[in-house]
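J.: A predicted structure for the sequence below; I have some questions about it.
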Amino acid sequence: AVDISKLRAETGFITLDDGYVNTGSTTSKITYLDGEAGILRYRGYPIEQLAENCDFVEVMYLLIYGELPTEAQIMDFRKSIRRHTMLHEDMRSFYDGFPRDAHPMAILSSVVSGLSTFYQDSLDPHDPRQVEVSIHRLLAKLPTIAAYSFKKSVGQPFIYPQNDLSYCENFLQMMFAVPSEPFHVDPDFVSALNLLLIVHADHEQNCSTSTVRMVGSADANLFASISAGISALWGPLHGGANEAVVSMLEKIIADDMNVEKYVKLAKDKTSKFRLMGFGHRVYKNFDPRATIIKKACDTLLAKLAIKDPIFEVAQRLETAALNDEYFIERKLYPNVDFYSGVIYRAIGIPVQMFTVLFAIGRLPGWIAHWKEMQGSPSKRICRPRQVYTGPTEREFVSLEKRG
Ligand code: ACO
């Protein structure tokens, strides 16, 4: 066994904190989170109030610039975003190179990284004008990049952005419209999407945001840094959980709705199975985002008169887990991903696009953190230390003498 205290004595004082459970990586003015009390605020405003009163574009502005916009500011901001929604025609050929069944998160991170090949005029992280342009480009183009990845997967022609539509309407029409057929965007879907994007917009130093900061700390450009964040978000323990939740619920439905079997399996450490959508590193009481989403989910399904077995099994699983000693003791509650998938399904978003929707929501948060870090007077390249546990010095053995 490794004697950590001895190693510490030998290596000097290094804090070893696997998974950074107690290590603050930065100071930040963006998001306040109290995991015990279930509080989440963007720039001081409670998430419940923002979800109730704002549209996603206003929340983008708030996160990135620190204040709620005035009427004139939001008009300018919306106008600028609309101006940048198109993808360069040459970028369409990127999509020809991807296999039809490519995961859209892989496409998303590749195409976002590829933006730095087309917009070389906005890559300098130290030039505020270039940073501003790259922020607007990214916010505007991510929904287009995402919708194209879906169109590619179903073999339909790409639908151009339509700039008289709102941010969310535009995304839905690029996803679901087909040429030469009239397209109607359901306002309930638009509101539901708006809400989901708002509750995903920032969550302080989570895995993908820390990745964006880490990559950006080396002065990598915004597109490259965000592309890295998208890759981190794809992991099933992070944003990929929303996709995993629906796959898990479908499996339970196919298994005679045997919820108890899966609760039991999740408690068995040898099974390596976890209840996806349960537990959170920081929230040890409830996830306020899950509360908002569950309410929206109830309303939407009731309004659309949708009877989705996924929703029924989700409710049964939640009840079973919340009454189980194992989950109570470990403070494992449904997180934001647990019900978001059900709403996405009701809107008609295919399951492989769920994490892409999370990325569109999280983008302003990533940008706000990248910008805050670049502007910090105490900015340094992130370079964690380690505690080495490999062999001590040994003599080189020539090839012919090795075992
Ligand atoms: N199902 C069953 N047991 C669980 C679960 C779960 N979903 N989550 C945690 N546990 C158990 C662990 O096995 C551990 O038990 P032990 O103390 O007996 O060893 C204990 O609860 C603590 O779990 P950790 O893994 O140490 O908690 P950590 O803070 O590192 O992980 C995480 C948090 C990754 C979210 C975890 O709860 C998990 O894997 N959940 C399922 C995946 C998921 O829903 N991810 C989305 C997170 S939210 C987001 O990114 C937007």
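T.: Received the coordinates, thanks.

J.: how distant is the host helix or strand of L301 from the center of its chain?
T.: When elements are assigned from DSSP states H and E, L301 belongs to helix 288-303. Relative to the centre of its chain, helix 288-303 is centred 19 Å away, using Cα atoms, centre = their mean, to the nearest Å.

J.: quick one, the helix or strand that it is followed by and helix 288-303 angle?
T.: Using DSSP H and E, the next helix or strand after helix 288-303 towards the C-terminus is helix 309-322. Here the directions of helix 309-322 and helix 288-303 differ by 140 degrees (axes from the mean of the first three to the mean of the last three Cα atoms, to 10 degrees).

J.: Tell me the buried residues in helix 309-322?
T.: Buried residues in helix 309-322, defined by neighbour count with 16 or more other Cβ atoms under 10 Å: I310, F311, V313, A314, Q315, R316, L317, E318, A320, A321. In short, each C-beta sits where N, CA and C put it, glycine included.

J.: Could you identify the least confident member of those?
T.: Lowest pLDDT of the buried residues of helix 309-322: F311, 83.

J.: tell me which element the closest residue to that one other than its chain neighbours falls in.
T.: Nearest residue to F311 in three dimensions, chain neighbours excluded: V342, at 5.3 Å (Cβ to Cβ, 6 or more residues apart in numbering). Using DSSP H and E, V342 sits within helix 336-347.

J.: Tell me how many other residues surround the residue nearest to F311.
T.: Using other Cβ atoms under 10 Å, V342 has 26 other residues around it.

J.: got the residues of the chain near the ligand?
T.: Contacts of the chain with the ligand, taken as Cβ under 6 Å from any ligand atom, map to 19, 237-239, 241, 266, 274-281, 330, 332, 335-337.

J.: Just these: which are in helices?
T.: Among those, the members found in helices (DSSP state H) are A241, A266, V336, D337.

J.: Tell me the one among those residues nearest to A368.
T.: Looking at those and their distance to A368, the nearest is V336, at 18.3 Å (Cβ to Cβ).

J.: Was I right to think that closest one contacts T291?
T.: No. Shown here, V336 and T291 do not form a contact pair, counting by Cβ atoms under 8 Å, at 9.8 Å.

J.: hmm, back to that, and the two most separated of the ones in helices among the residues of the chain next to the ligand?
T.: Of all pairs drawn from those, the greatest distance, 18.7 Å, lies between A266 and V336 (Cβ to Cβ).

J.: V336 and T291: which is more packed in?
T.: In terms of neighbours (other Cβ under 10 Å), V336 is the more surrounded of V336 and T291; the figures are 26 against 18.

J.: Might you report the residue contacts of M248?
T.: Contact partners of M248, counting by Cβ atoms under 8 Å, 6 or more residues apart in numbering, are Y262, L275, M276, G277.
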